[in-house]
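[1] model this:
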Amino acid sequence: MLKQVVDMYELLDKPNASGEEVADFLRNEGAKEVIVEQVKGEKGSTDFIKVVIEGSAGKRKGGNVPTLGIIGRLGGLGARPEMTGFVSDGDGALTALSTALKLVKMHSHSDVLKGDVIVTTHICPNAPTRPHRPVAFMDSPVDMETMNRLEVDEDMDAILSIDTTKGNKVINGRGFAISPTVKEGYILKVSDSLLDIMMRTTGKMPKVFPLSQQDITPYGNDLYHLNSILQPATSTLAPVIGVAITTEVPVAGCATGATHPIDIEMAARFVLEVAKDFGEDKCEFYNKEEFNRIVKLYGNLKKFQTMGE
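    Presented below is the predicted three-dimensional model:
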């Protein structure tokens, strides 16, 4: 998938990067359903983009195969004029859109997945930054509630949330790592299915990053968050797994020259393989019987999806 990564990077790494340009590129490659919506906030504007790739037996065709959601999380692709060029924070969008491009090309060549896949992210080449320890975070022109509203589609039956996760000291390997499954306020066990897919796509032992209870609560509650990778879990009943683009050392989200195309390609290929297996019912994000059991034993934890009392 390296060609798709390079092609998408060229579109995103410029001051005038836009959702419409990316949408036109995807349509020229065969995409049938691409929606762009520009949203303005107090700190600027950004283009939200949604790409739907129909499956052979998915909901769009009246089938019953579940839909996978792929969300590229980020504050912005660039921090202009403070920084020149594509920033590390853009890796989530780059991974998601590269996957969308590959799926579109596969579909046009009649390699059609069974289930629908919905890819969402936003394109902002001029985002602000904000202080954060140990390294500065990228900010966004719009708030998290707006992001979740436009990126978390109600048709998504399971979600992979891809985000640059380099500004910390708890993930110490270059490449990517996955989180435990998060659903309705619960941090569940790590999906064995996704561990297997990670091993076959990387040829290495899988990497899992830790989550705290704070990480799965909404932004704005004055609690610490690793980053925004699990924010989609605050606005859906679907299971969410984070796919973190990682490094050995802390790297600021607003750092330029910190995007590693080979790592992006590997993460995107992993996401693509999850999409394949999910539609074939070979991939389980969580054990439904065990989830029902834990809720019966310990109750409803949906309060952690809210701002609390």
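[2] buried residues, stretch 21-36. List them.
    Using 16 or more other CB atoms under 10 Å as the test for burial, stretch 21-36 gives 21, 22, 23, 25, 26, 29, 31, 34, 36. Using the backbone N, CA and C atoms, a C-beta is placed for each residue, glycine as well.
[3] among those, which ones are in strands?
    34, 36 (DSSP state E).
[4] which of the buried residues of stretch 21-36 lies closest to residue 54?
    residue 31 (10.3 Å; CB to CB).
[5] how close does the spatially closest residue to the closest one that is not a sequence neighbour sit to residue 97?
    Once flanking residues are discounted, residue 31 sits nearest to residue 104: 4.6 Å by CB to CB, 6 or more residues apart in numbering. Separation of residue 104 from residue 97 (CB to CB, to the nearest Å): 10 Å.
[6] confirm residue 225 sits in a strand?
    No - under DSSP: H, G, I helix; E, B strand; the rest coil, residue 225 sits outside any strand and is assigned coil.
[7] quick revisit: put together JSON lines for the buried residues of stretch 21-36, with distance to residue 260 on each row.
    JSON lines is the format used below for those (distance: CB to CB, whole Å):
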{"residue": "21", "distance to residue 260": "24"}
{"residue": "22", "distance to residue 260": "21"}
{"residue": "23", "distance to residue 260": "26"}
{"residue": "25", "distance to residue 260": "23"}
{"residue": "26", "distance to residue 260": "24"}
{"residue": "29", "distance to residue 260": "24"}
{"residue": "31", "distance to residue 260": "27"}
{"residue": "34", "distance to residue 260": "27"}
{"residue": "36", "distance to residue 260": "28"}
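[8] what about residue 182, distance to residue 212?
    11 Å.
[9] next SSE after the helix or strand of the chain with the lowest mean pLDDT?
    Here the helix or strand of the chain ranked lowest by mean pLDDT, DSSP states H and E is strand 137-138, holding a mean of 74. Beyond strand 137-138 on the C-terminal side, the first helix or strand identified by DSSP states H and E is helix 144-151.
[10] who are the packing partners of that following helix?
    strand 33-41, strand 44-53, strand 68-73, strand 117-123 (3 or more CB pairs under 8 Å, 6 or more residues apart in numbering; DSSP states H and E).
[11] quick one: average confidence on it?
    Taken as a whole, helix 144-151 has a mean pLDDT of 93.
[12] now do the helices in the stretch 151-300 of the chain.
    192-202, 261-279, 288-298 (DSSP state H, counting those that start in this stretch).
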